[in-house]
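In: here you go, sequence then predicted model.
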Amino acid sequence: MRDRRTELATRLRSPDAFRKLTYRALFVLSLIVATGAAVRLSSSGLGCPTWPRCYGKVYPPLQTHALIEFGNRVLSGIIGIGCGLTAVVAFTRRPFRRDLAILAVLLPIGIIAQAVLGGYTVRENLAPGFVMSHFLLSMVILIPAFALAWRATYEPGSRPRATDRTMVWLVRALAPLTAITIFAGTAATAAGPHSGGTVGQHVKRLTFKGSDTLEWVVHQHASLAVLLGVVTLGAWLLKRKRGVSPDPFEPLTVLALLLAAQGLVGSVQYELKLPGEIVWVHVILATANWICVLWAIAAEGRLVPRSATVPEQERPPAGRSLKSLQEA
């Protein structure tokens, strides 16, 4: 019995087991973005107008909006516990890696920060700035979550440094551009019809341009999205010019397809006057786009110092597929 327990403990502390755990953490942290958006788009943002309790109790009343909002709180708590366990496992992993431990600790810290911000968001009656920050913090948390999964996939020094400075910096430029585009998207939602509250609940909206605020923000968001698509296509074409063979699972290819789908969904939701269901799909695609941008940046690799020289045969591949990552 002792031998079996020792074998199980050794297996749980193995790099492969930890790698699988990090991908699960990345998935559930992406999932909570979807459920949070569902709370808002179902007008359940103030289903529990008090925090951390619901109507002053530890359980919600049997009302649809209260159950939806409180259910999201419970799910966030469960995910927070899972992220805490991931951090603990990071310290028990053998061999121990300091970089993985630091990244893993950031996940439960991010969940705690998200919970506190969520509480203030409810107490401020879903004020636009708080709601936007709540979503943007979710995107920030996904950065260490992805970095943790990516680093856990490779041993230190196993991937050669990149030498194509133009390609690397062009792909890196996608991150701030995507972040600004997502920020504009949150502003569009904050100015749109989905306040997160039900009829009769007073929820502030963005109105810095009066009745034209929504129209103006939507056009800025659309312009940024087009620019993001153009830059992504330019990076994709440059990679082809560099002689890299097309791969349907290469990150830039996946990103280009996701952006095309995002543009189509955005156009449809605008023409249909922003129905909640399609806006929810738009949010899911935005999250997927953000993760794909992080993937593209990681796949390009770290640049060698300008003073260093790297033999041709040691130059890194342009990217890796999701399938190959899972098999690594």
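Out: On my side now, so go ahead.
In: going forward, measure contacts between C-alpha atoms and count neighbours the same way
Out: OK.
In: and residue 31, which of the three is it?
Out: helix (DSSP: H, G, I helix; E, B strand; the rest coil).
In: give me the nearest residue to residue 118, chain neighbours excluded.
Out: residue 134 (6.5 Å; CA to CA, 6 or more residues apart in numbering).
In: what is the subsequent helix or strand relative to the strand or helix carrying the one you found?
Out: In the assignment (DSSP states H and E), residue 134 maps to helix 128-153. For helix 128-153, the succeeding helix or strand toward the C-terminus, using DSSP H and E, is helix 165-172.
In: residue 149 - how many residues pack around it?
Out: By other CA atoms under 10 Å, 23 other residues sit near residue 149.
In: measure the closest residue to it other than its chain neighbours to residue 293 for me?
Out: Distances taken as CA to CA, 6+ apart place residue 22 nearest to residue 149, at 4.9 Å, with adjacent residues excluded. For residue 22, the distance to residue 293 equals 18 Å [CA to CA, to the nearest Å].
In: per-residue pLDDT, residue 291?
Out: Confidence at residue 291, expressed as pLDDT, is 97.
In: tell me the contacts of it?
Out: Residue 291 makes contacts with 142, 146, as judged by CA atoms under 8 Å, 6 or more residues apart in numbering.
In: how far does the one helix or strand it maps to sit from the chain's center?
Out: Assessed by DSSP H and E, residue 291 sits inside helix 276-300. On the basis of CA atoms, centre = their mean, to the nearest Å, helix 276-300 sits 7 Å off its chain's mean C-alpha point.
In: what are the phi and psi values for residue 158?
Out: Main-chain torsions, residue 158, degrees, to the nearest 10: phi -80, psi -20.
In: count of neighbours near it?
Out: 7.
In: now residue 83
Out: Neighbours of residue 83 (other CA under 10 Å): 28.
In: right, and the helix or strand after the host helix or strand of it?
Out: In the assignment (DSSP H and E), residue 83 maps to helix 64-92. Per DSSP H and E, helix 64-92 leads on to helix 98-123 as the next helix or strand towards the C-terminus.
In: mean confidence for that following helix?
Out: Mean predicted lDDT for helix 98-123 stands at 94.
In: what's the angle from that helix to helix 128-153?
Out: Using axes from the mean of the first three to the mean of the last three CA atoms, to 10 degrees, one finds that helix 98-123 and helix 128-153 are set 160 degrees apart in direction.
In: buried set for helix 98-123?
Out: 100-101, 103-108, 110-111, 113-115, 117-122 (16 or more other CA atoms under 10 Å).
In: stretch 175-184 too?
Out: Those would be 175, 177, 178, 179, 180, 181, 182, 183, 184, for stretch 175-184 by 16+ other CA under 10 Å.
In: show me what it is in contact with.
Out: 132, 136, 217-218, 220-221, 224-225, 228, 286, 290, 293-294.
In: cool, thanks, signing off.
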